[in-house]
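> Sequence first, then the predicted structure, then my questions.
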Amino acid sequence: MKNIINIAYLLIMISSLSHANETYILQNNINDTIKLATEINKPVLIIFSADWCKHCTILKDDFTNNKLTEISNYVICIVDVDTNKEIKKEFGIKSLPTSIILSNNVEKSRKIGYSNKEYKGWLTAQK
């Protein structure tokens with residue numbers, strides 16, 4: 001019986017560790033993003049962008065090409081401002097890309113614009 005309890009505990013620990021290195025990216029749904037982030041105990045990174053925005057495209061390309069490994073610390077929600085005008089207004093977005101870090105549903109930091117080196121520094125400083 002003790003062995004079964006030890007194995008169960010080990011499986012739970014391995015399961016919780018496996019979430020630590022996973023990157024979750026959701027599209028346009030801040031509520032689901034916050035819910036997931038709460039479940040796995042990670043902060044939220046919301047990125048407001050648009051298809052026509054050059055720097056937004058570069059930022060998304062850096063995600064897909066693993067040039068921003070620091071994002072694994074967050075649950076990410078990418079919001080298209082052209083199709084989500086109410087969310088854009090709610091967060092007071094005036095420039096793109098705008099990135100916001102939420103911790104416990106409270107805005108912790110905001111970054112406007114994108115340059116890989118500065119963005120990495122900003123993400124790292126939020127830990």
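Thanks, I have it. Numbers count the residues shown, from 1 in each chain.
> Please give me every residue in contact with the residue positioned nearest the centre of the chain.
Central residue of the chain (C-alpha atoms, centre = their mean): residue 76, 2.3 Å from the mean position. Applying C-beta atoms under 8 Å, 6 or more residues apart in numbering to residue 76 gives the contacts 23, 24, 25, 26, 33, 44, 45, 46, 47, 63. The C-beta positions use only the backbone N, C-alpha and C, and glycine is treated the same way.
> how about the helices of the chain, start to end?
For the chain, applying DSSP state H gives helices covering 2-20, 30-40, 54-64, 85-90, 116-125.
> Worst mean pLDDT among those?
Ranked on mean pLDDT, the bottom entry among these is helix 2-20, at a mean of 37.
> one step back: among the contacts of residue 76, name the ones in strands.
24, 25, 26, 44, 45, 46, 47 (DSSP state E).
> quick revisit: buried among the contacts of residue 76? Need that as a selection in PyMOL.
Per 16 or more other C-beta atoms under 10 Å, the buried members of the contacts of residue 76 correspond to this PyMOL selection:
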select buried, resi 24+25+26+33+44+45+46+47
